[in-house]
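A.B. asks: Predicted model follows, preceded by the sequence.
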Amino acid sequence: MSIDTEHSPLEQMLGESPAFQAVLRAAAITAVTDATTLIQGESGTGKELLARAIHAQSRRANGPFVTINCAALPENLAESELFGHRRGAFTGATADQRGRIQAAHGGTLFLDEVGELPPAIQAKLLRFLEGGEVQPVGQPRPERVDVRVVAATNRDLFTEAKAGRFREDLFYRLNVVPLLLPPLRERGRDLDLLVRRLTARLAMAHCLDAPRYSVGALEALQRYPWPGNVRELRNVCERMVILFPGRTIRPENLPGEIRHSRPGVQEGDFVLPESGVHLDSLERDLIRQALERTRGNQSKAARLLGLSRGTLIYRMKKYAIG
């Protein structure tokens, strides 16, 4: 998002829903500290935007903001990329190289998709977080660095840690201040606000007249579940700006997946069959379907069912669902 100098960077993140505003308030409190922060949320919810806003509002704002995409780190080069290396440390190391962590000295290190880090690197990252020291490959002694860490993931790291797929001690070290960005489908009327603001900004960027949205088009956008979240919405708004500048966008102008999207099940939509149902069997089956759809992610499954994660776990135990 662009930064308005009259307001804080966090205030420029668009959204008025209570859940989204709660995250921004927590982020504003966190920004003035050096606390390690873990931002969780589905892909496209704005995790990196939030991390950059936290950095911009912190005492480190004039320092570097260094991003590492942990999912893209080759396992055989991950240690060198993060911690650096000395000349001759391995074949091909023809000169000293600073790691990304050293490059973030005095600023913020953003570990994107931290759940994808290889296990061996997780152990080395834990040592850095605990002691504030890094040891480049081939260097006999560690060196201190002054870095604030913000990590992000679209995984449920608590579940991953309990299942042994992520170091539990590293999870707790990263999860000092947890921030959970809600998906777009759970942000109510924020969609209308985002459509208007994104359309205006993108029209200005492309030097085009902003299109208008008919009531039917807005209703179609509201029905769509937005699996790609705000990132997907931005792409759709940009497409509409380019294809229909200054015009009124109607439902038939929208992408096919949005035009043909069926509304989600609303409270009161279920009709009891004449033959009745076995409630326990129905609940057990719905829980299993939700877990299958989310590939075992309990937090996401709970959201699909309108439950808290704790309630879902209780019911999983009740029905012996592993």
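C.D. replies: Yes, it's here. Residues are numbered from 1 along each chain as shown.

A.B. asks: Would you mind listing where this structure has pLDDT under the threshold?
C.D. replies: For the chain, applying pLDDT under 70 flags the ranges 1-9, 11, 88-89, 91-94, 262-275.

A.B. asks: Helices of that one, start to end?
C.D. replies: Under the criterion DSSP state H, the chain contains helices at 18-31, 47-56, 78-83, 100-103, 119-131, 157-162, 168-174, 190-205, 215-223, 229-243, 256-259, 279-293, 298-305, 309-318.

A.B. asks: what's the closest of the ones you listed to residue 110?
C.D. replies: helix 47-56 (4.8 Å; CB to CB). Every residue, glycine included, has its C-beta placed from N, CA and C.

A.B. asks: what helices or strands is the closest one leaning on?
C.D. replies: Counting contacts by 3 or more CB pairs under 8 Å, 6 or more residues apart in numbering; DSSP states H and E, helix 47-56 packs against helix 18-31, strand 37-40, strand 65-69, strand 108-112, strand 148-153.

A.B. asks: As CSV, these with distance to residue 302 would be great.
C.D. replies: Converted to CSV, these look like this (distance: least, CB to CB, whole Å):
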stretch, distance to residue 302
helix 18-31, 15
strand 37-40, 14
strand 65-69, 28
strand 108-112, 25
strand 148-153, 17
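
A.B. asks: Identify whichever of these lies nearest to residue 240.
C.D. replies: Per CB to CB, nearest to residue 240 of the helices and strands packed on helix 47-56: helix 18-31, 23.3 Å.

A.B. asks: picking up where we left off before, Serialize the helices and strands packed on helix 47-56 to JSON lines and add fields for distance to residue 304 and mean neighbour count.
C.D. replies: Formatted as JSON lines, the helices and strands packed on helix 47-56 follow (distance: least, CB to CB, whole Å; neighbours: other CB atoms under 10 Å):
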{"stretch": "helix 18-31", "distance to residue 304": "16", "mean neighbour count": "16"}
{"stretch": "strand 37-40", "distance to residue 304": "17", "mean neighbour count": "24"}
{"stretch": "strand 65-69", "distance to residue 304": "28", "mean neighbour count": "18"}
{"stretch": "strand 108-112", "distance to residue 304": "25", "mean neighbour count": "24"}
{"stretch": "strand 148-153", "distance to residue 304": "19", "mean neighbour count": "26"}
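
A.B. asks: Nearest to residue 220, out of these?
C.D. replies: That would be helix 18-31 among the helices and strands packed on helix 47-56, by CB to CB, at 22.3 Å.

A.B. asks: quick one: that closest one to strand 148-153, angle?
C.D. replies: Relative orientation of helix 18-31 versus strand 148-153 (axes from the mean of the first three to the mean of the last three CA atoms, to 10 degrees): 150 degrees.

A.B. asks: Run through who's touching helix 18-31.
C.D. replies: Residues external to helix 18-31 that are found in contact with it (CB atoms under 8 Å, 6 or more residues apart in numbering): 8, 10-11, 13, 15, 37, 50, 53-55, 57-58, 177, 179-182, 186-187, 190.

A.B. asks: ok, now with 6 Å
C.D. replies: With contacts defined as CB atoms under 6 Å, 6 or more residues apart in numbering, helix 18-31 is touched by 10, 37, 54, 57, 58, 177, 179, 181, 182, 187.

A.B. asks: Domains in the chain, by residue range?
C.D. replies: 9-182, 185-259, 279-318 (automatic domain parsing).

A.B. asks: before we move on, back to that, of the helices and strands packed on helix 47-56, give the one that comes closest to residue 230.
C.D. replies: Judging the helices and strands packed on helix 47-56 by CB to CB, what sits closest to residue 230 is helix 18-31, at 10.3 Å.

A.B. asks: got the angle between that closest one and helix 190-205?
C.D. replies: 70 degrees.

A.B. asks: Double-check residue 95 against residue 84; I have them as touching.
C.D. replies: No: taking contacts as CB atoms under 6 Å, residue 95 lies outside contact range of residue 84: 11.0 Å.
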